[in-house]
Each structure stands twice: as C-alpha cells, then as structure tokens.
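Colleague: Okay, structure incoming, though there's no sequence with it:
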C-alpha cells in the first residue's frame, strides 16, 4: 500500500486526518444552502431499502453523490494513490466504509474484499467505474465482475449543478459553486447475469456506460449545459 510506511509517523497520520476533516467541512459548506432536485429515485426505493445494490458514478461527479448518501456505511472502492488517500479520508468522515485498491493495480484483493462486504455484510457497494485514472467516462470491468459475484444490480447515479467550475484534470472534475441548485439523477438498475463468458462483461460494461452517459446528459441539460 502506498502509504503504509508513511502512516507509521503520527505527523503524517495527523496531516491526512486534517485533510479529511477539512474536505468534509468544505463539501458540507458547498451543499448546505443548495436546492437539490432528485430524479429517478421512486422506482428504486425498494432496492435501496434492501441494501442489495451497487452504486456506479463517474469520477468527475462524485461530490453530490457522496454528500447526499453520507452515513449510509456503503463499501466504496478507492485507489491507493495519493488522490485516493484524500478521497478515502473524506469519505470515511462522511460515514462510508473504505476498501482500498483498484480494479487494476491490486484489483484482485480489493475486488474480493468488496464482494465480501456487499454479499456477506450486506453493505451497498460503490464503484467509480472510470477511476482512478481513466479513461474518462469509460467503464472498466471491475464493477461488472462485482455485480456478477455479488448478485446485486448496479444503480447508475450522477449529478449536475447550475453553477460550477470545471478543472483541467483528466476527468474534468465538476465542482459546484456554494448554494447553487443541483440535480441528482438515478438511472435504470442493471442486473448482470452470472457466467464466465467474456462477452458478458464487455456487453454490460457498454450498457452501464450508456446509462451513465444518458443520465449525466439529462442532468446537464436540465441546467442548459452541454455535456462535456
């Protein structure tokens, strides 16, 4: 793990805890005065109540998704990178359970742990299917394998904001302005059948990608933004 030696130092550990606390406070500040409109939730209320599902959301659209669902104790897959450490520290303070790793580097162990948390411990799963380094808005196969092994459907979710800043990062990260109007959109659940046929993984990766793109375009169009 990238930070295993560093975390032996109390000073380094304090730094990450401070980053996590300040990050959570900053996100709370952004959305504290926001009017948040929700679309697509009613048809999946029963699924969410059962806690037998996996959230999928793009890397650039994580902020409102995590804020709105804070305290859910969902198991979120976060990479072992420096950026991942910042995200993990914030998500922990929002009330999520961290599984460190990715669907590529060290992905085998991370995926096994995530499957256990979703299937045996009945946590809602959470995966950023184009993370941690892209390609942007391209679904990697890990989330499809998780759905197959856990037997849980994937729930695509995204958001947009009336006023926001776009960063020049690989994911074109979306940072809403404080108190701006926002829209959170849930997509149609995607159930992935069990099986070892590689074509299943590629088929459902494309299907999830298309649904995430559809609802993200819908959210952006609501505020008159062109999808980037």
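Modeller: On my side now, so go ahead. Just so we're clear, the structure is a prediction, and the values are computed from it rather than from any experiment.

Colleague: Just name whatever secondary elements the helix or strand hosting residue 25 is in contact with.
Modeller: Here residue 25 sits within helix 10-31, counting by DSSP states H and E. In terms of contact count using 3 or more CB pairs under 8 Å, 6 or more residues apart in numbering; DSSP states H and E, helix 10-31 is assigned the packing partners helix 62-68, helix 82-93, strand 174-176. All C-beta spots, glycine's among them, are computed from the backbone N, C-alpha and C.

Colleague: Which one, of these, ends up nearest to residue 139?
Modeller: With CB to CB as the criterion, residue 139 lies closest to helix 62-68 of the helices and strands packed on helix 10-31, at 15.4 Å.

Colleague: how many neighbours does residue 81 have?
Modeller: Look at residue 81: counted by other CB atoms under 10 Å, it has 18 neighbours.

Colleague: Same question for residue 11.
Modeller: Using other CB under 10 Å, residue 11 is surrounded by 7 other residues.

Colleague: can you redo the helices and strands packed on helix 10-31 as a markdown table with mean pLDDT and distance to residue 39?
Modeller: Rendered in a markdown table, the data for the helices and strands packed on helix 10-31 read as follows (pLDDT from 0 to 100; distance: least, CB to CB, whole Å):
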| stretch | mean pLDDT | distance to residue 39 |
| --- | --- | --- |
| helix 62-68 | 98 | 13 |
| helix 82-93 | 92 | 24 |
| strand 174-176 | 98 | 17 |
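
Colleague: Relative to residue 21, which of the ones you listed is closest?
Modeller: Residue 21 lies closest to helix 82-93 among these, at 6.2 Å (CB to CB).

Colleague: what's downstream of the closest one, the next helix or strand?
Modeller: Heading C-terminal from helix 82-93, the first helix or strand you meet, by DSSP H and E, is strand 97-100.

Colleague: What's the first helix or strand after that following strand?
Modeller: Reading on from strand 97-100 to the C-terminus, the next helix or strand found by DSSP H and E is helix 107-119.

Colleague: Residues contacting that following helix, please?
Modeller: 54, 75, 77, 97, 99-103, 123-125, 127, 142, 145-146, 149-152 (CB atoms under 8 Å, 6 or more residues apart in numbering).

Colleague: Can you go through those and name the buried ones?
Modeller: 54, 75, 77, 97, 99-103, 123-125, 127, 142, 145-146, 149-150, 152 (16 or more other CB atoms under 10 Å).

Colleague: Any idea which of the helices and strands packed on helix 10-31 gets closest to residue 205?
Modeller: It's helix 62-68; of those, that one is closest to residue 205 (CB to CB) at 19.6 Å.

Colleague: Run the chain-centre distance for the helix or strand hosting residue 203.
Modeller: Take DSSP H and E as the rule and residue 203 turns out to sit in helix 198-222. Averaging C-alpha positions (CA atoms, centre = their mean, to the nearest Å) puts helix 198-222 14 Å from its chain's average.

Colleague: Identify each buried residue in that helix, please.
Modeller: Buried, per 16+ other CB under 10 Å, within helix 198-222: 200-201, 204-205, 207-209, 211-213, 215-220, 222.

Colleague: Could you do stretch 136-147 as well?
Modeller: In terms of neighbour count (16+ other CB under 10 Å), stretch 136-147 has its buried residues at 137, 139-147.

Colleague: just stretch 116-125 next, same as before
Modeller: In stretch 116-125, the ones that count as buried by 16+ other CB under 10 Å are 117-119, 123-125.

Colleague: Much appreciated, bye for now.
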